[in-house]
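# Here is a sequence with its predicted model. Questions after.
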Amino acid sequence: MQALHDIVQAGYIRYIGMSSQSTQCKVRSLHYSAINNKLTPFISMQNHFSLVYVSLAAIENVQLRVGSIPWAPLARGLLIRPPSAQTERGEVDR
C-alpha cells in the first residue's frame, strides 16, 4: 500500500481501484490498513454485477464506502434478448 500511495503522491496516478477481487476480507484489510496508516485508500472496486448475479463483494463495497463499477451488467446479453435466442457468444461462454 505504501508503494501505491507513493505513486499517488508523485502525481503519476490520481486514485487506486481494484478489479474482480474474490477475497473480500483481504480487500477490507488493505482498505482499512491504508486509512489507519494515512495512506491512499481504494476508491473503487470492479465486480461482476448484474440483475442475474449479484456478488457479495459488490454489496460490501457500500459498507467500505468504495464505489462499484459493474462488469457484465447485462449478463453478457442475457437480459436484452429473448431467452430462446441462440448466439455465437452463448455457445462459446457455456
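Received the coordinates, thanks.

# And Thr87, how close does it get to Leu78?
10 Å (C-beta to C-beta, to the nearest Å). Where you see a C-beta, it was placed from the backbone N, CA and C, and this is true even at glycine.

# Check Gln21 and give its pLDDT.
Looking at Gln21, its pLDDT is 65.

# Show me where this protein dips below the pLDDT cut-off.
Along the chain, segments meeting pLDDT under 70 span 21-24, 54-55, 57-58, 89-90, 93-94.

# Burial check on the closest residue to Val8 other than its chain neighbours, number of neighbours?
Among residues not flanking Val8 along the chain, Thr40 sits closest, at 4.5 Å (C-beta to C-beta, 6 or more residues apart in numbering). Neighbour count of Thr40, defined by other C-beta atoms under 10 Å: 19.

# repeat for Pro73
So Pro73, with other C-beta under 10 Å, has 13 neighbours.

# between Thr87 and Leu78, who's got more neighbours?
Neighbour comparison, Thr87 and Leu78: the larger count goes to Leu78, with 17 against 12 (by other C-beta under 10 Å).

# Roughly how far does the more buried one sit from Glu88?
Where Glu88 is concerned, Leu78 sits at a distance of 14 Å (C-beta to C-beta).
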